[in-house]
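>>> only geometry, no sequence info:
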RNA sequence: CGGGGUGUAGCGCAGCUUGGCUAGCGCGCCACGUUCGGGACGUGGAGGCCGGAGGUUCAAAUCCUCUCACCCCGACCA
């Protein structure tokens, strides 16, 4: 039984000044966590209690799915990460250190290499597969900017699983098994979630989905279609490719004098003033930014240090979304195209870049990729590669041919849903924010190849194992649950993760009759298997106890006080505020029912 | 890494512009008394290297220089 008279906790009346996110504020105020370092938190008894409940549920669901738990050190040698090139690729996000002899070590940010080597160490036959193993481990990442308390720390707890299969069908089955286990886990945690398509990014591999808790404080932006249910991380959204248009009747393109129009807005204004151009093109509607083809040059930095310029063509009403670009061009990283770079490419006239000078077969040799909306037969106004000049009526597929398409344009609410478009439906996308609470990947053979994990197949042939990796942010899930359930009075835990089933408030002071009844009730409830938090403080007024009970957020609050004169106690539902009086004689049975454990 | 902000008691803050008495307020903490179903009240206490270093000055929380830390936005982020 937890007793507030002796529990190691101090609740705060005011929010700590360094916390902005509600879950962070309340977890500090309610005495669940304390900041110990940038991005590092100490768990106090109440918080550790909740953390262990969350961890237990995750573990139970993994075990139930047939995955086996192992445990690696967090302090890892350099060599395996050297073999997969991640010692370098992980960059400054990796915590590196040396032992007394100057030998390099790292604090594990994720454990693909170690798991791969462990399986290689023990297994060598197709008969040993499939295998899924996992651990619940503290991970270390030197995040540039930890934030929001537990939501993004530099030290955090992750449940990471890895599956090992002989072939793609096996990987697919292992992936689905994890997906199903994750759904059960998050349902049990009472955590609302959306499964979105994601990019596998630096992890490599083919298929990847994220589990996002749809909450405003989340760092991930995703889209979903209200019509068909499609959901995707913005990085993974695909733009439907329009059918090719017939351009046989299109007017020829022409270069027009457009002085002082370095921006899309100035260009559109000028075009709308030039009725002569509209007449020549047979254009009857007003020009908008969507009629313009904006060409943005970026510089790709490849892992080997090579720099390569890339031209991206997209409708002028949209910005380039660098996150989307990065997801497309990985492992290369996009950088800005600097003034110095422009100096090296005199053909590029800043503000007036057009397709003529772009493309691998053009004079500049710059690879030219366009947004899928820039499809065959579409007509554009774009730069004429000469200051103060634009070309109108430039038709894709007639007047210019890009090297390919790229998903680089920002996604906007109201964009066409790609799934609906494929089915000739009319759904549009809406955007929302989410906290990434889980991520599942089909890794494929990247790690197995790099570390030479092979097994003998039925024919006695060495085959490379195919892998999946699957993560749940356990400590982050605690914060996400808090964030999803809190209200203006405080935390509000779902029962299974709450630090107690029942918070008993003794609404009096001193060792009086009320306290005696409360003590007896607490003992009986605890003896019946319920977890009890008893506010037995004798020098605190009832008002303070009520406020603290609401702040701490145990799902059921029992008030033992003046109702005793009528033989009743008061039972409150923390989440919905409902209150009812229960005869003292029926208290145990009633509370057991409320707590989901009827009978005795 | 870029931009903005903040460092004064356990927590939340004022004081700094225009240097000057014992550095102040609320909460919390300790003691005594009153109170006791919605963050009670009175009286008396404890608690501070004013983030750090250097400088200016008779005198620095306050002005100057450097530095460190933290928070927010962006960049970054299986």
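Perfect, I can see it now. Computed from a prediction, not measured in an experiment: that's the story for all the values here. Numbers count the residues shown, from 1 in each chain, chains lettered A, B, ... in the order given.

>>> please identify the helix or strand for the residue nearest to the spatial centre of chain A.
Closest to where the C-alpha atoms of chain A average out (CA atoms, centre = their mean) is residue A:436, at 2.6 Å. Taking DSSP states H and E as the definition, residue A:436 sits inside strand A:429-444.

>>> for residue A:34, same thing?
Short version, using DSSP H and E: residue A:34 is in strand A:33-37.

>>> how about the contacts made by the residue nearest to the centre of chain A?
A:210, A:211, A:212, A:218, A:219, A:220, A:473, A:476 (CB atoms under 8 Å, 6 or more residues apart in numbering). Heads up, the C-betas are built off the backbone N, CA and C, glycines and all.

>>> which non-adjacent residue is nearest the residue of the stretch 251-400 of chain A found nearest RNA strand B?
As assessed by CB to the nearest atom of the strand, RNA strand B sits closest to residue A:322 within the stretch 251-400 of chain A, at 4.6 Å. Once flanking residues are discounted, residue A:322 sits nearest to residue A:334: 5.8 Å by CB to CB, 6 or more residues apart in numbering.

>>> tell me the SS of that neighbour?
strand (DSSP: H, G, I helix; E, B strand; the rest coil).

>>> on that earlier part again, residues near the residue of the stretch 251-400 of chain A closest to RNA strand B, how many?
15 (other CB atoms under 10 Å).

>>> equivalent analysis for residue A:221, please.
17.

>>> helix, strand or coil for it?
Assignment for residue A:221 (three-state DSSP): strand.

>>> can you pull the contacts of it?
A:233, A:234, A:431, A:432, A:433, A:434.

>>> bridging residues for it?
Beta-bridge partners for residue A:221, by DSSP bridges, are residue A:433.

>>> state the distance from it to residue A:412.
11 Å (CB to CB, to the nearest Å).

>>> show the backbone phi and psi for residue A:313.
Torsion angles at residue A:313 (phi, psi; degrees, to the nearest 10) stand at phi -100, psi 130.

>>> list the contacts for residue A:154?
A:37, A:38, A:39, A:40, A:95, A:140, A:141, A:142, A:143, A:146.

>>> what about burial for these, which qualify?
Burial by neighbour count, judged by 16 or more other CB atoms under 10 Å, picks out A:39, A:95, A:140, A:141, A:142, A:143, A:146 from the contacts of residue A:154.

>>> if we check RNA strand B, which of those residues are in contact?
Residues of these in contact with RNA strand B (CB under 7 Å from any atom of the strand): A:39, A:141, A:143, A:146.

>>> residue A:95 is in contact with the second one, correct?
Yes. Contact criterion CB atoms under 8 Å: residue A:141 and residue A:95 qualify, at 7.4 Å.

>>> sketch out the low-pLDDT regions of the stretch 301-450 of chain A for me.
A:303-305, A:330-331, A:340 (pLDDT under 70).

>>> the helices in it, which residues?
Ranges of helices within the stretch 301-450 of chain A are A:322-329, A:339-344, A:418-422, A:446-450, based on DSSP state H, counting those that start in this stretch.

>>> who touches the longest one?
Just to be clear, that refers to helix A:322-329. So helix A:322-329 is contacted by A:199, A:201, A:234-237, A:298, A:300, A:310, A:312, A:333-334, A:406-411 (CB under 8 Å, 6+ apart).
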